[in-house]
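In: structure for this input, please:
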Amino acid sequence: MSDPTNDIYDPAFVADLFDRCSSSYRRWSAISSFGFIALWRRQCVARLDAPQDAQPVVVDLMAGTGEVWPYLLRRFPKLDRVTALDISHRMHLEAVDRLHGPYATKITHIEADALKTDLPANYADLLVSTFGLKTFNADQQAVLARQIARILKPGGSFALIEASDPKGWALRPIYRIYLDKMLPMVERYFLRGANDFSMIGTYTRNFGNSTQTCQTRPTDALL
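Out: Here you go, the predicted structure:
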């Protein structure tokens, strides 16, 4: 069970959190989002600009169990490879277990902290990340911005999507009740007392929205 007194942005905490929930991640994220998470991932990939390279190299940061890969492969059928980077060992194992067919050879797995990856500069034509941004605090987001700028080739395209805390939205109170009260209760009942996925409530509240991330300049961060 997650201990809220821990530093929830510490890489070791995040890795352990996703190790614990890896086996249920795909099913639970689909259920808790009422199936919309598939649509959101597809929309995220659709935001990527068509690469100049006919066989683009794609980096998937905080790749999880690889739910975004089918959308990448569908949109860019000639892509050379997807480099899937995630800090959670169990997430990689779950992703490997579900790989099948010819696209398995197009996925390269790297178990690493996205803030400290040693991927070479100008490595990727495209970069994507779905629902991992909220696990970084403001300072870490600045470091991540510099990493993205370093990894992408000149003219490369990236798309990030995240669950936020929509302040000012009329339905926000219902949204917060759902994340903060209902999801933890359902998780404890169906996942044998677990309290891991319910961290989404804390992470989204702290994250706010993407405004701060969008305003971050890569030069603001020092690695």
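In: how about the spatially most central residue of the chain, what does it touch?
Out: By Cα atoms, centre = their mean, the chain has its centre lying nearest to residue 132, at 2.9 Å. Contact analysis of residue 132 by Cβ atoms under 8 Å, 6 or more residues apart in numbering lists 61, 62, 64, 114, 162. Backbone N, C-alpha and C define where each C-beta goes, glycine included.
In: and the longest helix anywhere in the chain, what's buried?
Out: When the chain is parsed with DSSP state H, its longest helix is helix 138-151. Using 16 or more other Cβ atoms under 10 Å as the test for burial, helix 138-151 gives 140, 141, 142, 143, 144, 145, 146, 147, 148, 149, 151.
In: and for stretch 105-122?
Out: If you call a residue buried by 16+ other Cβ under 10 Å, then stretch 105-122 has these buried ones: 106, 107, 109, 110, 114, 115, 117, 119.
In: show the buried residues in the contacts of residue 132.
Out: 61, 62, 64, 114, 162.
In: from those, pick the one nearest residue 101.
Out: Nearest to residue 101 among the buried ones among the contacts of residue 132 is residue 64, at 19.6 Å by Cβ to Cβ.
In: so what pLDDT did that closest one get?
Out: For residue 64, the model assigns a pLDDT of 91.
In: same deal with the one 4 residues further on?
Out: Residue 68 carries a pLDDT value of 94.
In: lowest-pLDDT helix or strand in the protein?
Out: Sorting the helices and strands of the chain by mean pLDDT, DSSP states H and E puts helix 211-215 at the bottom, at a mean of 73.
In: how about the helix or strand where residue 20 lies as CSV, C-alpha atoms only?
Out: In the assignment (DSSP states H and E), residue 20 maps to helix 11-21. Extracted in CSV, the C-alpha atoms of helix 11-21 (Å, rounded to 0.1, in the frame of the first residue of the first chain):
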residue,chain,number,x,y,z
PRO,A,11,12.1,7.8,-8.7
ALA,A,12,12.3,4.8,-6.4
PHE,A,13,8.8,5.5,-5.1
VAL,A,14,7.4,5.9,-8.6
ALA,A,15,9.1,2.7,-9.8
ASP,A,16,7.8,0.7,-6.9
LEU,A,17,4.3,2.1,-7.3
PHE,A,18,4.1,1.0,-10.9
ASP,A,19,5.7,-2.3,-10.2
ARG,A,20,2.9,-3.1,-7.9
CYS,A,21,0.1,-2.1,-10.2
